[in-house]
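Participant: Based on what follows, work out the 3D shape:
(4 chains)
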Number of protein chains: 2
Amino acid sequence: MPENASTMPARRPASRRMLDSIYRAAADLIVEKGFEATTLAEVGSAVGLAKSGVYHHIKSKQDLLYDIMRHGMARLEQDVIEPARAVADPADRLRLLAERYAEFILGAEDGSGLGPRVTTLVHESRGLSPARKREIERARWRYYRFVRGAMQELADQGRFAEVNPTVAAMSFFGAMVWLAQWYRPGGELSRRQVIDSMVEMTAGLLIRRKPRPAKGKSRNG
Amino acid sequence: MPENASTMPARRPASRRMLDSIYRAAADLIVEKGFEATTLAEVGSAVGLAKSGVYHHIKSKQDLLYDIMRHGMARLEQDVIEPARAVADPADRLRLLAERYAEFILGAEDGSGLGPRVTTLVHESRGLSPARKREIERARWRYYRFVRGAMQELADQGRFAEVNPTVAAMSFFGAMVWLAQWYRPGGELSRRQVIDSMVEMTAGLLIRRKPRPAKGKSRNG
DNA sequence: GCCAAAACCGACCCGCGGGTCGGTTTTCAG
DNA sequence: CTGAAAACCGACCCGCGGGTCGGTTTTGGC
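Facilitator: Below you'll find the model as predicted:
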């Protein structure tokens, strides 16, 4: 039942530009003070709107949180998981995963993107309706299994360190997420240094040389 | 201005037993739903008290959070840091640290103690007054420096893996804290298995053999 | 058994924050 | 220029939750 086209000229779903600003500001505030402690009035004043003005763009506070999370998850999927999926060799895949994920978490150099914020946010899944919470959690779970899968592959090929792949995968995750907690731009370690260190740790400590460095694909002696 | 002793006989600071129950219940709830989202009425009903009954034992909601955190930090200090301080060899110290910390986080087998809860809690330092927040943060910082110190010692002795000690220390932290997030008793991995894996990872991946297995302390020659 | 202190409760106060509403300003296609 | 939709605001509603208070029950020392 869409209205007559003549009376509804190319309706935009509420100015995209402002919506993005709201997402950003809200993500920042929520990360800093927590979801419950964040006021919609605060979000508004952060983007130069009154509380009621904010409601012109969002449906409810709950929905705001949910949308931010989905947005973050989508970005994660597209910037990290998707590229890694294309890599056949599990070692290379893991390396790429580590680099992309660290980059995602630390955000772009110009501070754009909502990387670090969203990362912490994703663990605020409380405050969501059970159904939505389950949805977010399932996406997270998929990601975890993907990482663990790469490690398992390595282990099956005898190219993985002597550690339980599940524990290793979760530790990888923990170390990454923790990044957003402690890294502050302008510290003694540069963004690039941190990212490289994370990749080195992941690759250097967990991955072993191939048992058979046979370069070609022919395996028969 | 303490009142006359005859009118104030040995006042106990409000029954210790009940206070502990309140701490436990509150910690559970706060971890599950967040500080702001947790009601004092809920805390009360979790321990069989009315809201006003809870206020007989605590001074305010803020103080409750603060006290729980201090309690947790004290336990951490006494169960993890203190024992490790006594170990001279940095490799052994790191191993002990890993084991004790993992045990602390996963809690006692009987589910007593407020280990896992408090761990997550400590990162809820928002919701605290700035001064208190700073205090908690400083304690956390001390702990981090202690861990990093052990790694630095190893590095100085050429016994550390080829990774930046700061990044390694933070990753250690992250992996540990993350434990509380994903480990669920009754899963495919037992508590003991997880703890052992964490210790193996820490020790096996980060620590290298001594360059000189010379047993004595003589270094010349 | 007495009595004071401790433990506890129900009812209440009140400010804050999510959400709504009626109206005003801004924007922009025709 | 015009008119209609979009963007925005101030004022308001209302339930919820932190905190208080006056009073009742329970506890334990003597």
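Participant: Skip ahead from the lowest-mean-pLDDT helix or strand in chain A and say which helix or strand is next.
Facilitator: Of all helical and strand segments in chain A, the minimum by mean pLDDT, DSSP states H and E falls on helix A:115-121, at a mean of 64. Using DSSP states H and E, the helix or strand that follows helix A:115-121 towards the C-terminus is helix A:130-156.
Participant: Spell out which parts of chain A neighbour chain B.
Facilitator: Within chain A, the positions near chain B by CB under 8 Å from any CB of the partner chain are A:32-37, A:123-124, A:126-127, A:161-164, A:166-168, A:170-179, A:181-182, A:188-189, A:193-194, A:197-198, A:200-201, A:204-206. Every C-beta, even on glycine, is put in place using the N, C-alpha and C of the backbone.
Participant: are any of those buried, and which?
Facilitator: A:34-37, A:124, A:127, A:161, A:163-164, A:166-168, A:170-179, A:181-182, A:189, A:194, A:197-198, A:200-201, A:205-206 (16 or more other CB atoms under 10 Å in any protein chain shown).
Participant: Quickly list the domain ranges of chain A.
Facilitator: Here the domain parsing of chain A from automatic domain parsing is A:15-58, A:64-206.
Participant: quick one, which of these is nearest to B:Ile105?
Facilitator: domain A:64-206 (11.1 Å; CB to CB).
Participant: That closest one near DNA strand C anywhere?
Facilitator: No. Using CB under 7 Å from any atom of the strand, domain A:64-206 stays clear of DNA strand C, with a minimum separation of 7.8 Å.
Participant: That domain near DNA strand D anywhere?
Facilitator: No. Shown here: domain A:64-206 not in contact with DNA strand D (CB under 7 Å from any atom of the strand), separated by at least 12.0 Å.
Participant: Can you give me the first-to-last residue distance of that domain?
Facilitator: Criterion CA to CA, to the nearest Å; first-to-last residue distance in domain A:64-206 is 39 Å.
Participant: what about A:Ala74, neighbour count?
Facilitator: Neighbour count of A:Ala74, defined by other CB atoms under 10 Å in any protein chain shown: 11.
Participant: now A:Ala50
Facilitator: Going by other CB under 10 Å, the residues that sit close to A:Ala50 add up to 12.
Participant: center of chain A, which residue is that?
Facilitator: For chain A, the residue nearest the mean C-alpha position is A:Leu76 (4.1 Å; CA atoms, centre = their mean).
Participant: per-residue confidence at the closest residue to that one other than its chain neighbours?
Facilitator: Spatial nearest neighbour of A:Leu76, chain neighbours left out: A:Phe104 (6.3 Å); criterion: CB to CB, 6 or more residues apart in numbering or on different chains. A:Phe104 carries a pLDDT value of 90.
Participant: Looks like A:Phe104 contacts A:Ala74 (just checking).
Facilitator: No. Using CB atoms under 8 Å, A:Phe104 is not in contact with A:Ala74; the gap is 12.0 Å.
Participant: related to what we said a few turns ago, tell me which of the residues of chain A next to chain B fall in helices.
Facilitator: Mapping those onto helices (DSSP state H) picks out A:32-33, A:166-168, A:170-179, A:181-182, A:193-194, A:197-198, A:200, A:206.
Participant: mean confidence for stretch A:84-98?
Facilitator: Averaged over stretch A:84-98, pLDDT sits at 97.
Participant: outside of it, which residues touch it?
Facilitator: Residues from elsewhere that reach stretch A:84-98, judged by CB atoms under 8 Å, 6 or more residues apart in numbering or on different chains: A:80, A:83, A:100, A:146-147, A:150-151, A:153-154, A:157, A:159, A:172, A:176, A:198-199, A:202-203, A:206-207.
Participant: what comes up buried for that stretch?
Facilitator: A:84, A:90-91, A:93-98.
Participant: Any chance of CSV for those residues, columns secondary structure and distance to B:Arg138?
Facilitator: As requested, the buried residues of stretch A:84-98 are exported to CSV (DSSP: H, G, I helix; E, B strand; the rest coil; distance: CB to CB, whole Å):
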residue, secondary structure, distance to B:Arg138
A:Ala84, helix, 39
A:Pro90, helix, 42
A:Ala91, helix, 41
A:Arg93, helix, 41
A:Leu94, helix, 36
A:Arg95, helix, 37
A:Leu96, helix, 38
A:Leu97, helix, 35
A:Ala98, helix, 31
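Participant: Return the member of those residues nearest to DNA strand D.
Facilitator: Nearest to DNA strand D among the buried residues of stretch A:84-98, counting by CB to the nearest atom of the strand, is A:Ala84 at 36.9 Å.
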